[in-house]
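Student: Return a 3D structure for these sequence lines:
(2 chains)
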Amino acid sequence: GQQVMQIPQYQHVQEGEDFTTYCNSSTTLSNIQWYKQRPGGHPVFLIQLVKSGEVKKQKRLTFQFGEAKKNSSLHITATQTTDVGTYFCAGSGAGSYQLTFGKGTKLSVIP
Amino acid sequence: GAVVSQHPSRVICKSGTSVKIECRSLDFQATTMFWYRQFPKQSLMLMATSNEGSKATYEQGVEKDKFLINHASLTLSTLTVTSAHPEDSSFYICSAARNLGTGNYNEQFFGPGTRLTVL
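Tutor: I've put the predicted structure just below:
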């Protein structure tokens, strides 16, 4: 079955430093989504990427979808304490509603 | 974004009892809902896919007789944990999928989750 690997599992950064989490799928994806889960909260949808090579930005967050549609990354520039949480990527195959989640990257930001 | 509610948010029950968790999409019709289970500090594990008006599709290793799912309407799906045991203690999260009608768009909106503790 489809597997989605995500690294790193944990990342501790000083406030102001950049942060990147990477996601790799064992199969070609139709789309990939990114979610953020704050401690004690539930996952919140951030963005969806559909096109090969797509790059989307949301303020300090940059999302990329690989040319082969098997990998993706989330980059945060100049992290802030409000960025703390676990970031999950989730991919789905063609014609499927089902999402396969990566294990997530837990981001800690040291003030 | 769309709103999905989940009730109860927290439940503590005795071993052997059954617990029902409701998931409602409040502002859109969700033909498909998903039930996930999340262990502490771990990712979301898909348990089953719930389709309105039909039987749920369970993931491998998930007992359908243990975790009963009913999707009675386009806005409500329920998960019943039957004869709960301490190992069923977990964070259960539902999500509702909204098809934006473009390609394979399938944005999911998550409920706030239900923390189940079985004593």
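Student: Just give the closest residue to B:Ala84, not the sequence neighbours.
Tutor: Leaving aside its sequence neighbours, B:Ala84 sits nearest to B:Val118 (Cβ to Cβ, 6 or more residues apart in numbering or on different chains; 4.5 Å). C-beta here means a position set from N, CA and C on the backbone, and glycine is covered the same way.
Student: who's in contact with that neighbour?
Tutor: By Cβ atoms under 8 Å, 6 or more residues apart in numbering or on different chains, the residues touching B:Val118 are B:12-15, B:84-89.
Student: Tell me the spacing between it and A:Gln14.
Tutor: B:Val118 sits 41 Å away from A:Gln14, going by Cβ to Cβ, to the nearest Å.
Student: so B:Lys76 touches B:Leu26, yeah?
Tutor: For residue B:76 the amino acid is Leu, not Lys. No. Between B:Leu76 and B:Leu26 there is no contact under Cβ atoms under 8 Å: 10.4 Å.
Student: Run through the bridge partners of residue 44.
Tutor: The chain I'm using is chain A. A:Lys36 (DSSP bridges).
Student: should've been chain B
Tutor: B:Gln38.
Student: any weak-confidence spans in chain B?
Tutor: B:1, B:99-106 (pLDDT under 70).
Student: interface residues of chain A facing chain B?
Tutor: Within chain A, the residues that sit near chain B (Cβ under 8 Å from any Cβ of the partner chain) are A:30-31, A:33, A:35, A:41-45, A:48, A:50, A:88, A:92, A:94-104, A:106.
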